[in-house]
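Trainee: Let's see this in three dimensions:
(chains A and B)
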There are 2 protein chains.
Amino acid sequence: MAEFLKVVNYQDALQMIKDKFPLPQRERVSLEESLNRILAEELISPEDMPSFNRSTVDGYALHAEDSFGSSESLPAFLDYIGEVQMGREADIKVARGQCCWIPTGGMLPAGTDAALMVEYTEKLGDDTVLVFRPAGPWENVMQKGEDIRQGQGLFSPGKRLRAQDIGFLASLGISELSVYKPYSIGIISTGDEIVPVERKPLIGEVRDVNSYSLAAAVQSCGSISRIYPLVKDDFSVLQGAVKSGLEENDVLLMSGGSSVGTMDVTMDVLLSFPGAEMLFHGIAVKPGKPTLAVKIGDKLVIGLPGHPVSALMMFNIVCAPALRFSPSMAVEARINVNVASQAGRDDFVPIKLFKEDDEQMARPLLGKSGLMSILSMADGYIHIPYEAQGVKKDERVKVIQF
Amino acid sequence: MAEFLKVVNYQDALQMIKDKFPLPQRERVSLEESLNRILAEELISPEDMPSFNRSTVDGYALHAEDSFGSSESLPAFLDYIGEVQMGREADIKVARGQCCWIPTGGMLPAGTDAALMVEYTEKLGDDTVLVFRPAGPWENVMQKGEDIRQGQGLFSPGKRLRAQDIGFLASLGISELSVYKPYSIGIISTGDEIVPVERKPLIGEVRDVNSYSLAAAVQSCGSISRIYPLVKDDFSVLQGAVKSGLEENDVLLMSGGSSVGTMDVTMDVLLSFPGAEMLFHGIAVKPGKPTLAVKIGDKLVIGLPGHPVSALMMFNIVCAPALRFSPSMAVEARINVNVASQAGRDDFVPIKLFKEDDEQMARPLLGKSGLMSILSMADGYIHIPYEAQGVKKDERVKVIQF
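Mentor: Got it, this is the predicted structure:
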């Protein structure tokens, strides 16, 4: 029986994986393809926004001062001298005491500094407009450069682009940008007892859950997953699979080969590659101590436990933080029971969120590590750190969602 | 100047859109393609899970009672009679006083009811195992059907599938399922002043923001967006564009044709289609009163305001709830200023979240409705309902995220 050679704590494991993770590549995409992509460049505004003074209402462009003091009973009288056309330069000249019709989005003529909504006016014949309310300076006007000035920083690398960000960039004429290329992640399930999902397992066999759950988890992180055929615990077959997996991906996830029984084969295979460097061979966490990482060239192999719950939890806590470009969502909640934990180990406990008297509550889902239904019931998990002895009933906890 | 013909309140508008929304189609997909898809069928477990009693540790299968009372100083002595092979039926017979080696995931032999970790044992020669700790009944064993029983309901229609759900279904051998087909949503931007994003707008023109932000917002809801070329405010051109948009999509979004200036053309075009039914022609909300909906055959046309912020906000509050199969995420926060609102109108105010003394706080982002940067700064929005006069500083609000 092999001992765990190099057991590290959770923070060290996470740091090593982040440090040794391949650097992301970049690619140019059009704005239409950029939803949820992660920006890989500093974006600077190419222009003032808006580029001219615009009316935000249908009404009259005027000199605000000319309307001061006006009211329903004492309207101001302005000379009507024409209209600004939508989509045209406002070449009309509006002197003091004059006004002109302006549509929403229309350009304010030089000199005017406000637009008054048509509802507060009345046209009197062809030449006169009655104004029943004073307009403040720049009322109903978006001034040139008010939103954004040319050269102003917009977004930094690492920003995930949402619909409103894309609209914002469109408004500035940015139609193409540099984003990080998704990582390509290979997934190899190993183990003599594992059979394909479509097959009814014989006694003593179990279905390949990890290929599916890990592939989906990889996709959830915005990466591309590539599932490889199942591999038995055989040195040369496993070596061939690892070779292909390394050539075709940035990172290789293996599951099942890290429990005591088959760990030696996996480790021997990984260390048979030239320049392989073992980062660790066990993490002091629950669930999922038998987790290993080996750096091979500029690629990284992470060996996850065979048990589906442990494998997916370990993916979430050690792989996802390196894959994702933005932190996971978390909610605060009050925990409804004591949860014991062992000092000298980081514990990760699946959580079901629920409401009690309108308060956000957290219930730990405790179960044997093979029960996939537990994770399927969970909304997220809590992290009980190395030095803590557990959490007490009614303590506030941070539930990291998945 | 046309009056708004039929102004409805927000709840009524939302209900009408939901009622008249096309029913989603279904499609079969493989489990590998099902991440984030919405289940369209009731899923029932086809079998017991696990299908046999499994060990969760490497160690010895035994009769728990035989280990009772054992300790470091007073070990129990059991006869070693062989081993269970991984992936094989456990055809070994273990009588009282006997034990056999069992690997993690191995099948418990008939009669045994516990597995003891190897760490708490010592092999003595070929025939004897010393047991230094009592094993409880079913300790380190996952019993047949413990996770899920055959025929048990798993998930209902409407469930969004996450990585852990996919793993769970894989464990039960479900490799294909029925999900809702994404809606196809056409997007037509109209307005004489709108120019393509790539073009530098002349004075009096603005770029087409809405095609981009609405397409991305549609994608965020899991639907497929199709952007049509820009259309000027011209009856016959617009009619042709709407005809194509209706033929090729489930729902058509139009923006820009609903402000007072161009609303009549849009409305005339929509009502020119046989069987067109106007649902409403204005919603008592801020921002975005000029929002309309017309049912044409089994398709739906929603006209959004031309202003980018209003268009995207209105999409989020009236379209997204009908498109999404699950509600939007929301967080609770304390608002840091008073926000006034007018009774008789629903207000939607963009919000920036921030932390103060570790408390989740909300700052309203108030700005003129054309400023797209406001929405790009926002984390979500709050809804001040029809009857409310606003929210007071320090009140707790629900921030709907986008």
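
Trainee: How far away from the center of its chain is the helix or strand in which residue A:214 is found?
Mentor: Per DSSP states H and E, residue A:214 falls inside helix A:210-220. Its chain's C-alpha centre and that of helix A:210-220 lie 17 Å apart, by C-alpha atoms, centre = their mean, to the nearest Å.

Trainee: for stretch A:99-106, same thing?
Mentor: 41 Å.

Trainee: So which residues make contact with it?
Mentor: Outside stretch A:99-106, the residues that touch it by C-beta atoms under 8 Å, 6 or more residues apart in numbering or on different chains are A:54-62, A:66, A:78-86, A:90, A:92, A:94, A:108-109, A:112, A:115, A:129, A:131, B:191, B:193, B:204, B:206, B:259-261, B:306-307. C-betas here are computed from N, CA, C, even on glycine.

Trainee: Next, the distance between the ends of that stretch.
Mentor: Criterion C-alpha to C-alpha, to the nearest Å; first-to-last residue distance in stretch A:99-106 is 14 Å.

Trainee: How about stretch A:293-308?
Mentor: 18 Å.

Trainee: Check stretch A:42-49 too.
Mentor: From its first residue to its last, stretch A:42-49 covers 18 Å (C-alpha to C-alpha).

Trainee: Next: stretch A:225-242.
Mentor: For stretch A:225-242, the first-to-last residue distance is 15 Å (C-alpha to C-alpha).

Trainee: Contacts for that stretch next, please.
Mentor: The contact list for stretch A:225-242 (C-beta under 8 Å, 6+ apart) reads A:184-192, A:194-196, A:208, A:211-212, A:214-216, A:218-219, A:244-245, A:248-249, A:252, A:254, A:257, A:261-262, A:265-266, A:268-270, A:272-273, A:301, B:32.

Trainee: Name only those of these that count as buried.
Mentor: Buried subset of these (neighbour count, 16 or more other C-beta atoms under 10 Å in any protein chain shown): A:184-192, A:194-195, A:208, A:211-212, A:214-216, A:218-219, A:245, A:249, A:252, A:254, A:257, A:261-262, A:265-266, A:269-270, A:273, A:301, B:32.

Trainee: what's the average pLDDT for the following helix or strand past the helix holding residue A:214?
Mentor: Counting by DSSP H and E, the element after helix A:210-220 in chain order, helix or strand, is strand A:224-227. Average pLDDT, strand A:224-227: 97.

Trainee: What residues sit buried inside strand A:224-227?
Mentor: In terms of neighbour count (16+ other C-beta under 10 Å), strand A:224-227 has its buried residues at A:225, A:226, A:227.

Trainee: Same check on stretch A:16-30?
Mentor: Judged by neighbour count using 16+ other C-beta under 10 Å, the buried positions of stretch A:16-30 are A:16, A:17, A:20, A:21, A:22, A:24, A:29.

Trainee: now these as JSON lines including secondary structure?
Mentor: What follows is the buried residues of stretch A:16-30, written out as JSON lines (DSSP: H, G, I helix; E, B strand; the rest coil):
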{"residue": "A:16", "secondary structure": "helix"}
{"residue": "A:17", "secondary structure": "helix"}
{"residue": "A:20", "secondary structure": "helix"}
{"residue": "A:21", "secondary structure": "coil"}
{"residue": "A:22", "secondary structure": "coil"}
{"residue": "A:24", "secondary structure": "coil"}
{"residue": "A:29", "secondary structure": "strand"}
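
Trainee: with those in mind, which one is nearest to chain B?
Mentor: Comparing the buried residues of stretch A:16-30 against chain B with C-beta to the nearest C-beta places residue A:29 closest, at 12.5 Å.

Trainee: From residue B:343, how far off is that closest one?
Mentor: Distance from residue A:29 to residue B:343, counting by C-beta to C-beta, to the nearest Å: 46 Å.

Trainee: helices and strands of chain A: which one bottoms out on pLDDT?
Mentor: Within chain A, no helix or strand scores below helix A:260-271, which has a mean of 80 by mean pLDDT, DSSP states H and E.

Trainee: thought residue A:279 was touching residue A:301?
Mentor: No: with contacts defined as C-beta atoms under 8 Å, residue A:279 does not count as touching residue A:301, sitting 9.6 Å away.

Trainee: Which stretches in the stretch 201-350 of chain A count as helices?
Mentor: Assigned by DSSP state H, counting those that start in this stretch, the stretch 201-350 of chain A shows helices spanning A:210-220, A:235-248, A:260-271, A:308-314, A:320-323.

Trainee: I misspoke; the intended subject was the stretch 51-200 of chain A.
Mentor: Ranges of helices within the stretch 51-200 of chain A are A:64-67, A:163-171, based on DSSP H, counting those that start in this stretch.

Trainee: Tell me which of those helices sits most buried.
Mentor: With neighbours taken as mean count of other C-beta atoms under 10 Å in any protein chain shown, the helices of the stretch 51-200 of chain A reach their highest mean count in helix A:163-171, at a mean of 27.

Trainee: For it, name the packing helices and strands.
Mentor: strand A:153-155, strand B:206-207, helix B:210-220, helix B:308-314, helix B:372-377 (3 or more C-beta pairs under 8 Å, 6 or more residues apart in numbering or on different chains; DSSP states H and E).

Trainee: got the buried residues for the first one?
Mentor: Of the residues in strand A:153-155, those scored as buried under the neighbour-count criterion (16+ other C-beta under 10 Å) are A:154, A:155.

Trainee: One more: the last one?
Mentor: For helix B:372-377, the buried set under the neighbour-count rule, 16+ other C-beta under 10 Å, comprises B:372, B:373, B:374, B:375, B:376, B:377.

Trainee: Pull the residues that contact it.
Mentor: A:49, A:147-148, A:164-165, A:167-168, A:171, B:209, B:213, B:308-309, B:312-313, B:350, B:352, B:365, B:367.

Trainee: and after that helix, which helix or strand comes next?
Mentor: Next helix or strand after helix B:372-377 toward the C-terminus (DSSP H and E): strand B:380-384.

Trainee: what are the pairing partners of the following helix or strand past that next one, and which direction each?
Mentor: Where DSSP H and E defines the elements, the next helix or strand beyond strand B:380-384 is strand B:390-391. Using DSSP bridges, strand B:390-391 pairs in its sheet with strand B:339-340 (antiparallel).

Trainee: Kindly state the domain boundaries assigned to chain A.
Mentor: The domain map for chain A lists A:10-25+A:182-323, A:26-49+A:146-180, A:54-142, A:330-401, with the assignment taken from automatic domain parsing.

Trainee: Give me the distance from the third one to the chain's centre.
Mentor: By that I understand domain A:54-142. Per C-alpha atoms, centre = their mean, the centroid offset for domain A:54-142 relative to its chain is 45 Å.

Trainee: Now the terminal residues of it, how far apart.
Mentor: End-to-end span of domain A:54-142 (C-alpha to C-alpha): 5 Å.

Trainee: is any part of the longest strand seen in chain A close to chain B?
Mentor: Identified as the longest strand of chain A according to DSSP state E is strand A:346-356. No: judged by C-beta under 8 Å from any C-beta of the partner chain, strand A:346-356 makes no contact with chain B; its nearest approach is 8.8 Å.
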